[in-house]
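Return atomic coordinates for the entry below.
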Amino acid sequence: MKPAAAPPTDTGAQRRSTAGARAPRPADDVDTRYLQSLLGYNARRAALAVIGVFIPRMAAYGLRPVDFSILSVIRHNGGITSKQLCTALNLLPPNLVGKIGALQKRGLVERRPHPTDGRALGLHLTERGQMLAAQAELAAFELENEVASPLTPAERKTLIKLLQKVYEA
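Numbers count the residues shown, from 1 in each chain. Okay, here's the model as predicted:
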């Protein structure tokens, strides 16, 4: 395993502590080099940039990010159990129960007996749910292309792969 990058040696705090009190710096002159050396900081900033576009786009479909994820996973895994869905999306079962209930009330999801496990119910999208999920996935695809436009296709693929390495570790 590669060692983490060393933090910058000059954090700005050293310069300011010897310079005495100064007037506040303009926002574009704030030293954030240490934060920019942190994976979490950069991942969070990137996530905020994406989610800032994602939330209003999905609002047009009446979906929050977790609702979108649930519909997408069910769309591509018809008959998935709640337990499998919780594991796939890292959700707590009590949180999923309310989300599935709300999606059922909207006529997007239905539960059916699982074909191999008599104790479980499989989750399926209704016809309406299939249409909504397909439309929302297309919108997500388009907005990701917009947000990732500064990246080449190879850079985008590499970034996704590297982020997955971090959260799957």
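
quick one: which helix or strand includes the residue nearest in space to the middle of the chain?
In the chain, the centroid-proximal residue (Cα atoms, centre = their mean) is Ala47; its distance is 6.8 Å. Element membership for Ala47, per DSSP states H and E: helix 39-59.

ok, residues contacting that helix?
Residues from elsewhere that reach helix 39-59 (Cβ atoms under 8 Å, 6 or more residues apart in numbering): 35-36, 64-65, 67-68, 136, 139-140, 143-144, 146-147, 163, 166. C-beta coordinates here come from the backbone N, C-alpha and C atoms, glycine included.

And stretch 128-147, what's buried?
Gly129, Gln130, Leu132, Ala133, Ala136, Ala139, Ala140, Leu143, Val147 (16 or more other Cβ atoms under 10 Å).

likewise stretch 94-104?
By 16+ other Cβ under 10 Å, the buried positions in stretch 94-104 come out as Leu96, Lys99, Ile100, Leu103.

Which one of these is nearest to Gly122?
Ile100 (11.8 Å; Cβ to Cβ).

what's the distance between the closest one and Tyr34?
Taking Cβ to Cβ, to the nearest Å as the measure, Ile100 and Tyr34 are separated by 42 Å.

if we can go back for a sec, could you check the helix holding Ala47 and say which residues are buried?
Neighbour-count burial for helix 39-59, counted by 16+ other Cβ under 10 Å, picks out Val50, Phe54, Arg57, Met58.

what's the average pLDDT for that helix?
For helix 39-59, mean pLDDT is 96.

Which is the succeeding secondary structure element to that helix?
Counting by DSSP H and E, what follows helix 39-59 is helix 65-76.

Against which helices or strands is that following helix packed?
helix 39-59, helix 82-89, helix 93-105, strand 109-113, strand 121-125, helix 127-147 (3 or more Cβ pairs under 8 Å, 6 or more residues apart in numbering; DSSP states H and E).

Show me the shaky parts of this structure.
Counting by pLDDT under 70, the ranges of the chain that qualify are 1-25, 27.

got the end-to-end distance for stretch 33-46?
End-to-end span of stretch 33-46 (Cα to Cα, to the nearest Å): 16 Å.

From the chain's centroid, how far away is it?
Here stretch 33-46 is found 16 Å from its chain centre; the criterion is Cα atoms, centre = their mean, to the nearest Å.

For the residue nearest to the centre of the chain, give its distance to Tyr167.
The value you get for Ala47 to Tyr167, if Cβ to Cβ is used, is 12 Å.

do the same with Leu71
Applying Cβ to Cβ, the value for Leu71 to Tyr167 is 21 Å.
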